[in-house]
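*Asks:* Provided below are the primary sequence and the corresponding predicted coordinates.
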Amino acid sequence: GDDADDDGDGDAPKLDAVHHAIKTILDQSHLLPVPPSVHPVYWEYDHALRLYPPPDLLVLADADGGRYVREYEGVTVMNPGAFHVDLKFLVHRPVFEGEEEEEEGATSKTEFSAINL
């Protein structure tokens, strides 16, 4: 599935479309990592699309990308998927210092949820 990050040999990461998109966005530190010749840049607001310093969590809302949670260079990247398809979605619950998880190395949780009709 989309959550598999290797091709079975354990050495080389699988370079799929999701991994490539995440890598491109985070390596270039910009939400629209294309040259100005492809997409015009409105320079007065371009700073709002920059990702420096890198965020802890990046949510990419792509209805066609399927649901996933990936880690890349210390950034959690998730796509909640299309809600209208099966009424399921991802929920991200950040854990802050001093909250419910006291153990060392506590991290955020992302879980699948669904609306039952």
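*Replies:* Thanks, I have the structure now.

*Asks:* next, the buried residues of the longest helix anywhere in the chain.
*Replies:* Assignment by DSSP state H gives helix 17-28 as the longest helix of the chain. Across helix 17-28, burial judged by 16 or more other Cβ atoms under 10 Å covers 18-19, 21-23, 25-26. To be clear about C-beta, it is placed using only N, CA and C from the backbone, and glycine gets the same treatment.

*Asks:* past it, which element shows up next along the chain?
*Replies:* Using DSSP states H and E, the helix or strand that follows helix 17-28 in sequence is strand 57-59.

*Asks:* other SSEs contacting that following strand?
*Replies:* Using 3 or more Cβ pairs under 8 Å, 6 or more residues apart in numbering; DSSP states H and E, the elements in contact with strand 57-59 are helix 17-28, strand 75-79.

*Asks:* tabulate the ones you listed (CSV), appending distance to Ala48.
*Replies:* As requested, the helices and strands packed on strand 57-59 are exported to CSV (distance: least, Cβ to Cβ, whole Å):
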stretch, distance to Ala48
helix 17-28, 15
strand 75-79, 18
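
*Asks:* is it correct that Ala63 is in contact with Phe89?
*Replies:* No. Using Cβ atoms under 8 Å, Ala63 is not in contact with Phe89; the gap is 11.8 Å.
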